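K.L.:
below are the sequence and a predicted model; questions follow.
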Amino acid sequence: DGGITQSPKYLFRKEGQNVTLSCEQNLNHDAMYWYRQDPGQGLRLIYYSQIVNDFQKGDIAEGYSVSREKKESFPLTVTSAQKNPTAFYLCASSQLGDINPEAFFGQGTRLTVV
Amino acid sequence: AQSVAQPEDQVNVAEGNPLTVKCTYSVSGNPYLFWYVQYPNRGLQFLLKYITGDNLVKGSYGFEAEFNKSQTSFHLKKPSALVSDSALYFCAVRDLGGSYIPTFGRGTSLIVHP
């Protein structure tokens, strides 16, 4: 069954701790994205990647880091430099071409600072 | 640059009545347009897309959307609303021939009353 898997579904972080959110896709998509969702603010782009070993900062990259060592995987690390990390995080993927351009999303990870 | 506006934060409709969720867009070239639905604590689910062709696009769960180039709009519609349609709806745009990254609106909360 093809799709995008995010884990964990819920994550709790202590002050000063780094945490890593997992995102795996088996859709053979080249492009992958991370978004942050806060109430009333829609989706804000954190990082994106269109090829292995290459990624670009989005609109709110400060305090976050990513890697793209495999086509299928695009993990996001929320570092201690991110001062307000409590949010819902969404991973997505899409084709790069114009035939099926829609993005597909994982089920999200809700991160809470305790 | 590309952008999307969803002018209504919330839409209320009675069950059985038709519903419309509004979306307007701005792109420099020709648009790819998308609608997604999000249920609480879940990822976004793809509903439908416009790439080219007929201005009326049919999608999942009885939803449809009408592309209007002169008004740069892509409103989501359904002839008869269900209580189970209550959710958050996002419109998104990509610029054909431009960036592959979709831009999302802020979302519209649809509430269908029994």
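P.N.:
That came through, no problem.

K.L.:
close to chain B: what parts of chain A are there?
P.N.:
Neighbours of chain B within chain A, by CB under 8 Å from any CB of the partner chain: A:4, A:6, A:31, A:33, A:35, A:40-43, A:45, A:48, A:50, A:88, A:90, A:92, A:94, A:96, A:98, A:101-108, A:110. In short, each C-beta sits where N, CA and C put it, glycine included.

K.L.:
now do 6 Å
P.N.:
Residues of chain A lying close to chain B (CB under 6 Å from any CB of the partner chain) are A:31, A:42-43, A:48, A:90, A:96, A:101-103, A:105-108.

K.L.:
quick one, which of those residues are buried?
P.N.:
Among the residues of chain A next to chain B, those scoring as buried are A:31, A:42-43, A:48, A:90, A:101-103, A:105-108 (criterion: 16 or more other CB atoms under 10 Å in any protein chain shown).

K.L.:
now do the same contact list for the most centrally placed residue in chain A.
P.N.:
Residue closest to the average C-alpha location in chain A (CA atoms, centre = their mean): residue A:34, at 2.8 Å. Contact partners of residue A:34, counting by CB atoms under 6 Å, 6 or more residues apart in numbering or on different chains, are A:46-47, A:76, A:91.

K.L.:
just those residues: which are in strands?
P.N.:
Those of the contacts of residue A:34 mapping onto strands are A:46-47, A:76, A:91, per DSSP state E.

K.L.:
and the strands in the chain?
P.N.:
No chain specified, so I'll use chain A. When secondary structure is read from DSSP E, chain A shows strands at A:4-7, A:10-13, A:19-25, A:31-37, A:43-51, A:54-57, A:64-66, A:76-78, A:87-94, A:104-105, A:109-113.

K.L.:
hmm, no, I was thinking of chain B.
P.N.:
Under DSSP E, chain B gives strands at B:3-5, B:10-14, B:19-21, B:24-26, B:31-38, B:44-50, B:56-58, B:64-68, B:73-78, B:87-95, B:103-104, B:108-113.

K.L.:
the third one pairs with which strands?
P.N.:
Which is strand B:19-21. Sheet pairing here is set by DSSP bridges, and for strand B:19-21 it gives strand B:73-78 (antiparallel).

K.L.:
what's the strand it pairs with in contact with?
P.N.:
Around strand B:73-78, the neighbours that count as contacts under CB under 6 Å, 6+ apart are B:19-24, B:33, B:35, B:62-67.

K.L.:
out of those residues, which is nearest to residue B:93?
P.N.:
residue B:33 (5.6 Å; CB to CB).

K.L.:
from memory the closest one sits against residue B:50, does it?
P.N.:
Yes: here residue B:33 reaches residue B:50: they are 4.4 Å apart, a contact under CB atoms under 6 Å.

K.L.:
looking only at neighbour counts, state which of those two leads.
P.N.:
More crowded of residue B:33 and residue B:50, by other CB atoms under 10 Å in any protein chain shown: residue B:33, with 23 against 20.

K.L.:
ok, that one - contacts?
P.N.:
Contact analysis of residue B:33 by CB under 6 Å, 6+ apart lists B:50, B:74, B:93.

K.L.:
if I look at the residue of chain A most remote from its centre, how far off is residue B:49?
P.N.:
Using CA atoms, centre = their mean, the residue of chain A lying farthest from its centre is residue A:99. It sits 23.8 Å away. Separation of residue A:99 from residue B:49 (CB to CB, to the nearest Å): 11 Å.
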